[in-house]
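Student: here's a sequence, model it:
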Amino acid sequence: MKLKEGVRIYGIRSELVLALIVCEDVYNEVGTDLVVTSIIDGMHSSGSLHYTGSAVDLRIRNLPQGRAEAVRDEIAERLGGDFDVVLEADHLHLEFQPKTAYERS
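Tutor: Numbering: from 1, shown residues only. Predicted structure coming up:
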């Protein structure tokens, strides 16, 4: 796993640490290094889960041609319903957003 220069990791939720381990496994399976391009840093919409350490962005330009959707699907399947995995135009956006009552405040 690599962090793009300037990526700030302090304040990241422990659930995202686990998610990044899963993401690294999926990226490795397709023969690509996982590159985290944003966590708490960067410009995001107001109310973004990035600012609470609950979201990360992952590079996709280094994935094999045509594999981004399959990588997204595999990550989503392995992480389950408490995570949203969204394929954006230039990155994968991953956020921890529990749908059940056990979410901590």
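
Student: where do the helices sit along the chain?
Tutor: 14-29, 68-79 (DSSP state H).

Student: now the strands for this structure?
Tutor: Assigned by DSSP state E, the strands in the chain fall at 2-3, 35-38, 55-59, 83-87, 91-96.

Student: between the helices of the chain, which gets nearest to residue 89?
Tutor: For the helices of the chain, proximity to residue 89 was assessed by CB to CB; helix 68-79 is nearest, at 10.2 Å. The C-beta positions use only the backbone N, C-alpha and C, and glycine is treated the same way.

Student: hmm, who's touching the closest one?
Tutor: With contact meaning CB atoms under 8 Å, 6 or more residues apart in numbering, helix 68-79 is reached by 19, 22-23, 25-27, 29-30, 60, 63, 83, 85-87, 92, 94.

Student: what about it, average pLDDT?
Tutor: Helix 68-79 shows a mean pLDDT of 97.

Student: which residue sits closest to residue 58, ignoring its sequence neighbours?
Tutor: Distances taken as CB to CB, 6 or more residues apart in numbering place residue 92 nearest to residue 58, at 4.3 Å, with adjacent residues excluded.

Student: what sits against the one you found?
Tutor: Contact analysis of residue 92 by CB under 8 Å, 6+ apart lists 57-58, 60, 68, 71-72, 75, 85-86.

Student: which among those residues end up buried?
Tutor: Using 16 or more other CB atoms under 10 Å as the burial test, the contacts of residue 92 include 57-58, 60, 68, 71-72, 75, 85 as buried.

Student: got those residues as CSV, with distance to residue 14 columns?
Tutor: Below are the buried ones among the contacts of residue 92 laid out as CSV (distance: CB to CB, whole Å):
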residue, distance to residue 14
57, 19
58, 18
60, 25
68, 27
71, 23
72, 23
75, 18
85, 18
